[in-house]
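>>> here's a sequence, model it:
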Amino acid sequence: MMTAKEKIQRASASVAFDGIFKYVKKNPAENLIKLINLSEKLMGGAFPAKNFESFRKAVLDENNVWNRFAMNIINEIDPDIIKKMILALGLGAGVNGTKAVRENREKYKCNIPFILLFDPTSACNLHCKGCWSAEYGHKSNLSLDEMRSIVNQGTELGTHFYMLTGGEPLIKKDEILTICRENPDCAFLAYTNATLIDQAFCDKMKEVGNLTLALSIEGDEASNDFRRGDGSYSKTIEAMDLLKKNGMLFGISVCYTSKNVPSVTSDEFMDLMVEKGAKFALYFAYMPVGHDAVPELIPQPDDRVHMYKWLRQVRNSKTGKPIFVMDFQNDAEYVGGCIAGGRNYFHINSEGDMEPCVFIHYSDSNIRTHTLLEALKRPLFQAYYHNQPFNDNHLRPCPMLENPDCLRKIIAETGAESTDLIEPESAETLCSRCDKFAAAWKPVAEDLWSSTKHPNPKTQFYRDTPEGKAALEKSKKE
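Numbers count the residues shown, from 1 in each chain. Alright, predicted model coming up:
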């Protein structure tokens with residue numbers, strides 16, 4: 001729940017935003033600068049000043065891709081949604097959340113997540129190749145009170161951004177809307193196959209204002225329907241048209257595989273997504289998880305190199321596209337490697353099991369028997385805390401896909417158990433599917449890492465803390 005101070009802060013910011021939004025379309029450049037200045041003031045130094053200066057330069061340059069991006073948001077998104085999302089993401093998560101997360105990491109000596117993922121349900125009405133969700137059945141769900149508890153505990157720790165996965169989360173759309181309505185200082189994003197989006201849902205989304213959607217799509221119709229099933233492409237496009245018509249904020253979720261990389265990175269695909277109204281694109285590499293996994297779909301080294309270079313091209317302010325694109329695998333260098341295990345996020349499945357990652361189905365705690373903080377201090381999450389980064393080459397961030405021996409060791413030492421809802425899967429079985437790729441990617445990743453410049457995210461790991469340094473010295477003496 002928001003404190004009295006936060007409520008006053010939010011009300012004041014809301015009035016200020018209203019005053020600016022009235023005139024944005026009349027004089028976009030001048031009023032966007034005012035909006036950026038207001039945002040910087042609200043952030044109170046939570047983010048570098050150079051970021052805001054870059055935003056100001058972009059707004060003043062009509063040929064800058066990010067100028068077009070900003071104008072698309074202003075012209076296409078309902079103003080009330082823009083305001084509510086800025087208040088939730090900027091003020092709730094960016095200011096109050098970031099401060100609390102940092103303080104609690106120091107206080108509790110463990111990872112505290114900026115984002116928390118949870119599955120309202122295991123149920124899904126599609127059966128995509130290589131995906132575990134549709135195999136899980138329709139009996140596993142989090143109750144409304146359990147979802148409330150997750151968000152309440154999360155906000156107490158500083159977490160103000162929640163991603164809803166599954167299953168198909170919109171099967172529980174009423175409960176999701178209730179959670180959004182009860183927590184206006186939090187931002188929510190639901191990954192969805194788009195089949196349950198209708199006008200009534202758009203109306204309710206507009207009412208709460210702090211819920212956005214990431215629609216699953218994987219390239220052109222042939223590429224998409226190969227994995228997601230016949231007809232899924234056309235349904236997703238129809239949902240996009242409806243969302244755009246209603247001025248909703250949404251983006252896309254793209255699983256890239258060894259089969260679809262050319263399609264999901266083509267100019268034709270990206271231009272269509274921009275035309276349809278998508279404002280962000282979240283890319284993630286296929287992970288061979290579950291007994292129905294297809295290791296052949298893992299993107300190969302050449303695919304990963306292509307993705308790495310394409311990402312930097314598509315985000316270029318002069319030659320890119322007016323859509324924000326990120327890749328959880330190939331953008332790890334911007335966040336210091338693996339962000340799982342609570343370092344930036346962790347996952348709660350529909351049975352309440354707290355897992356380090358949406359792709360790492362092992363746990364030693366459950367929300368029905370442990371608090372979020374207790375889980376973060378238990379052996380599994382502590383193993384992540386003490387061992388991140390799993391590789392100093394952040395093009396090899398994952399303890400499963402690129403460093404499978406790391407996950408083998410973590411599971412063996414912590415005794416975490418498989419949380420697969422159909423058939424328990426040993427770490428050896430899972431990691432063995434990744435060994436071939438990890439070996440092939442290692443030399444390619446090393447060459448790419450050594451031949452390119454990389455950002456310095458100034459991340460402090462456990463090894464950089466006084467406790468970590470003392471532990472390292474002790475181990476050397478022993």
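
>>> look up how far Phe328 lies from Asn51.
Distance of Asn51 to Phe328, given as CB to CB, to the nearest Å: 21 Å. Just so you know, the C-beta spots here come from the backbone N, C-alpha and C atoms, and that holds for glycine as well.

>>> more neighbours, the two?
Taking neighbours as other CB atoms under 10 Å, Asn51 and Phe328 compare with Phe328 leading, 20 against 11.

>>> the more buried one is in contact with Ala281, isn't it?
No: using CB atoms under 8 Å, Phe328 makes no contact with Ala281, being 11.7 Å away.

>>> got the CA coordinates for the helix or strand Ile8 falls within in PDB?
Assigned by DSSP states H and E, Ile8 falls within helix 4-24. Provided in PDB are the C-alpha atoms of helix 4-24 (Å, rounded to 0.1, in the frame of the first residue of the first chain):
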ATOM      1  CA  ALA A   4       0.600   9.100   2.800                       C
ATOM      2  CA  LYS A   5       3.800  10.700   1.500                       C
ATOM      3  CA  GLU A   6       3.700   8.600  -1.700                       C
ATOM      4  CA  LYS A   7       0.000   9.500  -2.200                       C
ATOM      5  CA  ILE A   8       0.700  13.200  -2.000                       C
ATOM      6  CA  GLN A   9       3.700  12.800  -4.300                       C
ATOM      7  CA  ARG A  10       1.500  10.900  -6.800                       C
ATOM      8  CA  ALA A  11      -1.300  13.500  -6.700                       C
ATOM      9  CA  SER A  12       1.100  16.300  -7.200                       C
ATOM     10  CA  ALA A  13       2.800  14.500 -10.200                       C
ATOM     11  CA  SER A  14      -0.600  13.700 -11.700                       C
ATOM     12  CA  VAL A  15      -1.600  17.400 -11.700                       C
ATOM     13  CA  ALA A  16       1.700  18.400 -13.200                       C
ATOM     14  CA  PHE A  17       1.400  15.800 -16.000                       C
ATOM     15  CA  ASP A  18      -2.200  16.900 -16.800                       C
ATOM     16  CA  GLY A  19      -1.000  20.400 -17.300                       C
ATOM     17  CA  ILE A  20       1.700  19.400 -19.800                       C
ATOM     18  CA  PHE A  21      -0.400  16.700 -21.600                       C
ATOM     19  CA  LYS A  22      -3.000  19.300 -22.600                       C
ATOM     20  CA  TYR A  23      -0.500  21.000 -24.900                       C
ATOM     21  CA  VAL A  24       1.700  18.200 -26.100                       C
END
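
>>> list the contacts for Lys84?
The contact partners of Lys84, by CB atoms under 8 Å, 6 or more residues apart in numbering, come to Pro184, Val208, Gly209, Asn210.

>>> surely it forms part of a helix?
Yes: counting by DSSP: H, G, I helix; E, B strand; the rest coil, Lys84 is part of a helix.

>>> against Met307, how distant is it?
Between Lys84 and Met307 the computed distance is 33 Å (CB to CB).

>>> repeat that for Ile176.
Separation of Ile176 from Met307 (CB to CB): 31 Å.

>>> who has more neighbours out of these two?
Using other CB under 10 Å, the more surrounded residue of Ile176 and Met307 is Ile176, with 24 against 20.

>>> pull the contacting residues for that one.
Shown in contact with Ile176 (CB under 8 Å, 6+ apart): Pro120, Met147, Leu164, Pro169, Leu170, Phe188, Ala190, Leu211.

>>> cool, and Asn246?
So Asn246 contacts Asp78, Gln199, Cys202, Asp203, Lys206 (CB under 8 Å, 6+ apart).

>>> can you do 6 Å?
For Asn246, the contact set (CB atoms under 6 Å, 6 or more residues apart in numbering) comprises Cys202.

>>> do you know the pLDDT at the nearest residue to Phe52 once chain neighbours are set aside?
Using CB to CB, 6 or more residues apart in numbering and skipping residues adjacent in sequence, the residue nearest Phe52 is Glu40, 4.4 Å away. pLDDT recorded at Glu40 is 78.

>>> count of residues packed around Glu40?
Neighbour count of Glu40, defined by other CB under 10 Å: 18.

>>> which ones are touching Pro455?
Applying CB under 6 Å, 6+ apart, one finds that Pro455 lies in contact with Tyr334.

>>> does it belong to a helix, a strand or coil?
Pro455 ends up coil, using three-state DSSP.

>>> which outside residues touch stretch 337-349?
Residues contacting stretch 337-349 (CB under 6 Å, 6+ apart): 111, 113-115, 117-119, 354-358, 376, 381, 384, 388-390, 394, 397-398, 419.

>>> try stretch 115-122
Residues outside stretch 115-122 that contact it (CB under 6 Å, 6+ apart): 136, 140-142, 150, 154, 159, 161-167, 169, 171-172, 345, 347-350, 358.

>>> among the contacts of Lys84, which one has the most neighbours?
Busiest of those [other CB under 10 Å] is Asn210, holding 25 neighbours.

>>> hang on, isn't that one packed against Ile179?
No: Asn210 is beyond contact range of Ile179, at 9.9 Å (criterion: CB atoms under 6 Å).

>>> need the contact list for Tyr286.
Listed by CB under 6 Å, 6+ apart, the contact partners of Tyr286 are Cys255, Thr257, Leu297, Ile298.

>>> report pLDDT for it.
So Tyr286 comes in at 95 (pLDDT).

>>> rewinding a little: ok but the residue nearest to Phe52 is inside a helix, no?
Yes: counting by three-state DSSP, Glu40 is part of a helix.

>>> and it, how close does it get to Phe69?
Using CB to CB, one gets 19 Å for the distance from Glu40 to Phe69.

>>> cool, and Glu218?
Distance from Glu218 to Phe69, by CB to CB: 23 Å.

>>> can you give me the strands for the protein?
Per DSSP state E, the chain carries strands over the ranges 115-118, 161-164, 187-192, 211-216, 250-256, 280-285, 324-327, 345-348, 354-355, 362-363, 417-418.

>>> show me the contact partners of the fifth one.
Outside strand 250-256, the residues that touch it by CB under 6 Å, 6+ apart are 191, 212-218, 243, 264, 273, 278-284, 286, 299.

>>> that strand to strand 211-216, inter-axis angle?
Orientation check (axes from the mean of the first three to the mean of the last three CA atoms, to 10 degrees): strand 250-256 against strand 211-216 gives 30 degrees.

>>> state the mean pLDDT of strand 250-256.
96.

>>> list the contacts for Ala93?
Neighbour list for Ala93: His160, Phe161, Ala187 [criterion: CB under 6 Å, 6+ apart].

>>> from Asp185, how far off is the first one?
Going back to what we said before, that points to His160. Noted for His160: a distance of 6 Å to Asp185, by CB to CB.

>>> same thing with the second one?
Look at Phe161 and Asp185: by CB to CB, they are 11 Å apart.

>>> show me the helices in the stretch 1-150 of the chain, by range?
4-24, 28-43, 49-60, 65-76, 79-85, 98-108, 144-157 (DSSP state H, counting those that start in this stretch).

>>> same question for the stretch 351-478 of the chain.
With DSSP H, counting those that start in this stretch as the criterion, the stretch 351-478 of the chain has helices at 372-376, 379-387, 404-414, 427-432, 435-451, 466-477.

>>> adding mean neighbour count and distance to Glu106, write these out as TSV.
Listed next are the helices of the stretch 351-478 of the chain as TSV, based on neighbours: other CB atoms under 10 Å; distance: least, CB to CB, whole Å:
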stretch	mean neighbour count	distance to Glu106
helix 372-376	21	14
helix 379-387	21	13
helix 404-414	18	24
helix 427-432	17	32
helix 435-451	15	31
helix 466-477	10	11
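
>>> no further queries at this time; thank you.
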